[in-house]
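*Asks:* A structural model of the following input is requested.
(chains A and B)
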Number of protein chains: 2
Amino acid sequence: MKLLWTIPVIFLIIANVAFASNNGNTGLDQAAQRRAANIHRMDTIILLTYVSVMVVIVVTAWAFKHYRLRFIHESGVTIMYGLLIGFVIRYFGLGLLQSQTFDVETKNKTIVKEPPDYLMLEVSPEGGSRVSFHYELIEGFFADKRKKIEQQIEQKSVFSPEVFFNMLIPPIIFNAGYSLKKRHFFRNIGSILAIVFIGTTISCFGTGCLMFVFTSIFQMGYSFKELLFFGALISATDPVTIISVFNDMNVEADLFALIFGESALNDAVAIVLSEVIENFSTSSEAITIHDFGSAIAGFGGVFFGSLMLGFGIGCMNAFLTKMTLISEHALLESSLFVLISYISFLVAEVCGLTGIVSVLFCGIAQAHYTYNNLSNESQSNTKHFFHMISFIMESFIFCYIGVSVFVTNNQRWSFSFLFFSLISITASRALFVYPLSWVLNIRRRPKIPKRYQHMILFAGLRGAMAFALAGRNTSTENRQTIFATTTAVVIVTVLVNGGLTSWMIDYLQIKHGKDAIEEGQRLEASMSCARGDSTADHDETIPVTMAPGLNPWDKAFLPRKWYHFDASFMKPLLTHATPSLEQTLPPFCLPLTRLLTSSRQRSYISDEPFNTVIQSGMSLTDGTGCTEESV
Amino acid sequence: MKLLWTIPVIFLIIANVAFASNNGNTGLDQAAQRRAANIHRMDTIILLTYVSVMVVIVVTAWAFKHYRLRFIHESGVTIMYGLLIGFVIRYFGLGLLQSQTFDVETKNKTIVKEPPDYLMLEVSPEGGSRVSFHYELIEGFFADKRKKIEQQIEQKSVFSPEVFFNMLIPPIIFNAGYSLKKRHFFRNIGSILAIVFIGTTISCFGTGCLMFVFTSIFQMGYSFKELLFFGALISATDPVTIISVFNDMNVEADLFALIFGESALNDAVAIVLSEVIENFSTSSEAITIHDFGSAIAGFGGVFFGSLMLGFGIGCMNAFLTKMTLISEHALLESSLFVLISYISFLVAEVCGLTGIVSVLFCGIAQAHYTYNNLSNESQSNTKHFFHMISFIMESFIFCYIGVSVFVTNNQRWSFSFLFFSLISITASRALFVYPLSWVLNIRRRPKIPKRYQHMILFAGLRGAMAFALAGRNTSTENRQTIFATTTAVVIVTVLVNGGLTSWMIDYLQIKHGKDAIEEGQRLEASMSCARGDSTADHDETIPVTMAPGLNPWDKAFLPRKWYHFDASFMKPLLTHATPSLEQTLPPFCLPLTRLLTSSRQRSYISDEPFNTVIQSGMSLTDGTGCTEESV
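*Replies:* Residues are numbered from 1 along each chain as shown, chains lettered A, B, ... in the order given. Purely as a prediction, here's the structure:
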């Protein structure tokens, strides 16, 4: 025991001898140490603030559900918490950190026309040799005229738009696809695509032109290109807000499909439009029919490219989980599922496609095929994992949008601009909703009723996507006004439209809650009776041999072809579904089909011959039963 | 229909008129646009690279498990993948991005002694007015003498130490606490604390002194303070590596408790030590007994402060989930659980305590109390959520450590320094393991056998914590050497010690796998028979009235007191466990206890009187049955 205590004493002696010796660049060293400690403290304070607000938000959400409060929507409350936090951070100087800012100029005195990416500054520490330090242009690229002193906290509490695009939005959209009620979505796919492609374009140009008229009259000094860009980014209605507002309400499934479908898919159009508009001035000064044509081709390419990519990656994962025994290790299986779903987003972005569309369709494919191959544990894991992640991210985004009003330095407020914007976006939304519905109703059965049309107009909630697009480039003052206005439009639409949604739904006599569910079940039941299917709410594909009629959607040529292809090729290939490829494909494919049929599929088959299987309506669902439930 | 097509034509006309009008700072605008697009592309490429490697890692992990490969450990493979990726990024110029670097000097030509936090550079865009742009000192604070051109990718693929500390490590440690086999951990708590406090200190000073001797002999020019700092950070064995290497092996529970306990808790000591060492030179040049004393007081304060904080926050959440009906909404409940667990880390860091210790004990408290209050859905959700997150983070950290060897600019390699380090850390680890075990064995029953001691010495795996601590400050060349050496030590210990662990376990004849589990069950069974308990592996608290003897640990005074307090106060207060506070507290507390007893507790009680309950051994577990299983 005594021996043990002599050891530190010996150390102490050595230490004191040693400390008399050399010391390096102590000044610099300490500065670095101090700086690291300060940054760490600041980061944790900011994180703590956000996480604490999130806890309050969760408790509030619970209270709202528990006491059935309806006068304001949860996401509205979340934004208001965000505003409050932003206000406190800004005006109470919460956790301010002293920082130094130096004015610099280039060494050879050249005039800089564009800000370079990095600066290098020579520092001469006391008693040490000169060292160069690197500085990076602050992300978001903002320019402001104030001196930045003691504002590090504001910097730190600002997330880069990159974090929004790459980290926060993908899981939300994936979850939307993963828990989508596919049947209603695909039945309305024609109308959704019309609204997405034609509607968003009209909205973009309409907003741009109206804003140009307003700003020209009041001589506010905006170029048409800037306003068109604003039109493009503000035309994207946001799936995040739509999901959070409408999901609780349980409105009629077709209306939800139209509104959600629009919001999920029009991001792609908005992104392509805004990129096309940005690139106009580089090529020519006037807009020609050719530009217009190439823009339309751009939409199509990007949109369907992203769709195919996401769907393909989902199918790849289904194939992987079918053919390997990875389901023996649920942890690895779930991890693989999550990672591959995220890859569908990243690959699309790297290829210049739209990650949002890709991850949405990857989610749909995963729910349709992969889900059935997963072990029971992974099924429940992945469902809850994405549900929770998406809930947390969603709350965070709303909160952050509120905070950003007070803490970013790259927002410039112009209330007249905001006022004109609100008028323009409403007018240009009306400009496509009613004419387009009229055109669609010529051939569509059932028609889109007037109350749906009013609701679609009303449901023009903007959100994270518009916010992130606007925040990407705030280098000029006009851009900063556009960013501030976008933030305000998001807040106004979420608070006003989101808050009044339940009232509006009642006013327009749209069925919701239990009524809508019962109505849906009644319809489903009547349909499934006709095809001898008792498990109607399991969202399975519609059997090939079902009695036509009753449901007008299923008559459409393309969906019917797809259902057939899905049931006879895709499902047998990618899942353990009962009629295996050995049965559905012609006999000469046998060597290949034998390879692609799992032993689990064979064990089902041996019980009953194929013909019995394909004629009893319900057998075309996967072997494991249901594909998903609304979670 | 025709009407619809005239709209875009009208837009086209307006657009062409409008485009003839004013254009703002187009040069700057376009530069910003281009830069944002480039950054986005780069970010997604980097993310895609990492996520793709993660997919490969998961598949590899599956292959390892499936084919029972043992010659190298998974985490070793992960590091090697990381090295490969780093090599490709570095030498194949993957996705290089052209960037500009300007040399700058301060406007008023003052000599800068310490690098300021921000620089402001004036830019004069063509045809526009002058604008100032802000630049931020690159995080990690590194100084290098090379010109940074075309190296943005290397920047972007480097994560700041902040991300490590705040985002990646907490979930891993929480999961360790949440899935900890508490009984074995707490039985060995005395030995663990001795190793943590005394052992880590000896290791730190031992490494520092040995390195000082080596570097002095070879005149490498390191100050004693720097070497002591190195000793402090390299003394922290890493829970992440330990968990991943030992968890699969299922070694004897007491050995695992010792090794894991050390690794989880000594981070706190290492952090405090390194901070104390950093601050030495600011106060005085010689180390006095007073400094030494205050350092020891510092340990104690920080350590137990963090412990109490984390445990307290866990209890708070247990109380919250007990008293509210939030379990009706599993999604909100799980989210709250995750957020509050994270808060325990953040609060500790903000208060200047150690988040790692806090989050570990929060995990233990959550598993012990909160878990029992959760709905079944949330129980499974949270367990799997943390398990998956921790697996993904863990793989990512190993991979990243490998990548960092090639892509960071702030590592300077010195193979002699590395060689001396490996000798020093092994020697100073031996210097505490054997003497300390000898001292502990004087009173400890059962003793720590020699084979355990050898294994503890061998299990000195370093990991993410040392890596992150070293990466925080790389402002001088010596610091950069220390960072590089730390990275190398991590890689060497994970590859060599991690890879040879299974061989070493066999060589030392330590039971593992099924043997250890069976041995454990046999022991548990014999003990639980003695106290009439049939559900031995449920890790419940040991009943107050159990027959003493048989298990020597349970004789200790403090654990016994704690078990009693836990069973008669904490569990009834914080969970729905059967003997409620109404029964365990004296009658005069009745008004208060009535408030704190849930209706679920009452419903249990009404069935059988308290005396029966407390005497049948198993009833002191919570009402819901088991607290946790090893997942």
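*Asks:* use CA for all of it now, contacts and neighbours both
*Replies:* OK.
*Asks:* quick one: the helices in the stretch 101-250 of chain A?
*Replies:* Counting by DSSP state H, counting those that start in this stretch, one finds helices in the stretch 101-250 of chain A at the ranges A:152-156, A:161-163, A:169-178, A:182-187, A:189-194, A:200-217, A:224-234, A:239-246.
*Asks:* and the second one, what other elements does it pack with?
*Replies:* Okay, so that is helix A:161-163. Contact here means 3 or more Cα pairs under 8 Å, 6 or more residues apart in numbering or on different chains; DSSP states H and E; on that basis helix A:161-163 packs against helix A:464-471.
*Asks:* the third one now?
*Replies:* Under the contact criterion of 3+ Cα pairs under 8 Å, 6+ apart, helix A:169-178 touches helix A:239-246, helix A:330-350, helix A:355-365, helix A:376-407.
*Asks:* which of these has the lowest mean pLDDT?
*Replies:* Least confidently modelled of those is helix A:239-246, at a mean of 78 by mean pLDDT.
*Asks:* can I get it in PDB, CA atoms only?
*Replies:* Extracted in PDB, the C-alpha atoms of helix A:239-246 (Å, rounded to 0.1, in the frame of the first residue of the first chain):
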ATOM      1  CA  PRO A 239     -44.600  17.700 -47.600                       C
ATOM      2  CA  VAL A 240     -43.400  18.200 -44.000                       C
ATOM      3  CA  THR A 241     -46.000  20.700 -43.000                       C
ATOM      4  CA  ILE A 242     -48.700  19.000 -45.100                       C
ATOM      5  CA  ILE A 243     -48.000  15.600 -43.400                       C
ATOM      6  CA  SER A 244     -48.000  17.100 -39.900                       C
ATOM      7  CA  VAL A 245     -51.100  19.100 -40.500                       C
ATOM      8  CA  PHE A 246     -53.200  16.600 -42.400                       C
END
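*Asks:* show me how far it is from its chain's centre.
*Replies:* Offset of helix A:239-246 from its chain centre (Cα atoms, centre = their mean, to the nearest Å): 11 Å.
*Asks:* next helix or strand past it?
*Replies:* Downstream of helix A:239-246, the next assigned helix or strand under DSSP states H and E is helix A:253-283.
*Asks:* that following helix - contacts with which helices or strands?
*Replies:* Where contact means 3+ Cα pairs under 8 Å, 6+ apart, helix A:253-283 is packed against helix A:182-187, helix A:189-194, helix A:200-217, helix A:224-234, helix A:239-246, helix A:289-323, helix A:355-365, helix A:450-458.
*Asks:* mind putting those into a markdown table with mean neighbour count and distance to chain B?
*Replies:* Shown next, in a markdown table, are the helices and strands packed on helix A:253-283 (neighbours: other Cα atoms under 10 Å in any protein chain shown; distance: least, Cα to the nearest Cα, whole Å):
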| stretch | mean neighbour count | distance to chain B |
| --- | --- | --- |
| helix A:182-187 | 18 | 23 |
| helix A:189-194 | 18 | 12 |
| helix A:200-217 | 23 | 7 |
| helix A:224-234 | 27 | 6 |
| helix A:239-246 | 23 | 14 |
| helix A:289-323 | 20 | 8 |
| helix A:355-365 | 31 | 10 |
| helix A:450-458 | 18 | 17 |
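*Asks:* closest one to B:I57 among those?
*Replies:* Taking Cα to Cα, helix A:289-323 is the member of those nearest to B:I57, at 15.0 Å.
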